[in-house]
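In: the following comprises the amino acid sequence and a computationally predicted model.
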Amino acid sequence: MDIDLILFFVVLLVIIIVILVFAMNYKSFGSKYNRSYVTEISIKEIKAYYFKKQYCKECNQRLVRAKEKEFIVEGWDSINGTHFYGKKYRVIIFLKCPICMKKYKLEDL
Ligand SMILES: [Zn+2]
């Protein structure tokens, strides 16, 4: 077998595993806690969040990653065909300065 082909199958397998893990997590959110989470993030924001070193504009301190939950609505929802009644949250991710506690939105970076 060609090395490129092997690499392709390995990548494919990893993608499938990631999707399965996500699907299982979402299902357990639905049945155990009756809470669901949505988040909106662009590729550019993922890069800013995970790969770039960001510094506070005021104290020049390295920013740390942080998350916040925001309640959206309570009601019926459906994830992967599982219907449940529960609370829906939006997850907001941002960067925070550990010194002055200033928050930086990803879209502003
Ligand atoms: Zn700061």
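Out: Happy to help now that I have it.

In: K69 falls within a strand, correct?
Out: Yes - the assignment for K69 (DSSP: H, G, I helix; E, B strand; the rest coil) places it in a strand.

In: hmm, it is touching I93, no?
Out: No - applying Cβ atoms under 8 Å, one finds K69 not in contact with I93, separated by 10.6 Å. The C-beta positions use only the backbone N, C-alpha and C, and glycine is treated the same way.

In: which one of the two has more residues nearby?
Out: Using other Cβ atoms under 10 Å, the more surrounded residue of K69 and I93 is I93, with 16 against 12.

In: and that one, which of the three is it?
Out: Applying three-state DSSP: I93 is strand.

In: my read is that I99 contacts C56, right?
Out: Yes - if you go by Cβ under 8 Å, I99 and C56 touch, sitting 6.9 Å apart.

In: of those two, which one has the most company?
Out: Per other Cβ under 10 Å, whichever of I99 and C56 has more neighbours is C56, with 18 against 12.

In: residue boundaries of the helices in this structure?
Out: 3-28, 43-46 (DSSP state H).

In: which residues of the chain lie near the ion?
Out: With Cβ under 5 Å from the ion as the criterion, the chain comes near the ion at residues C56, E58, C59, C97, I99, C100, K102.

In: if we can go back for a sec, got the helices of the chain as CSV, with mean neighbour count columns?
Out: Shown next, in CSV, are those (neighbours: other Cβ atoms under 10 Å):
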stretch, mean neighbour count
helix 3-28, 10
helix 43-46, 12
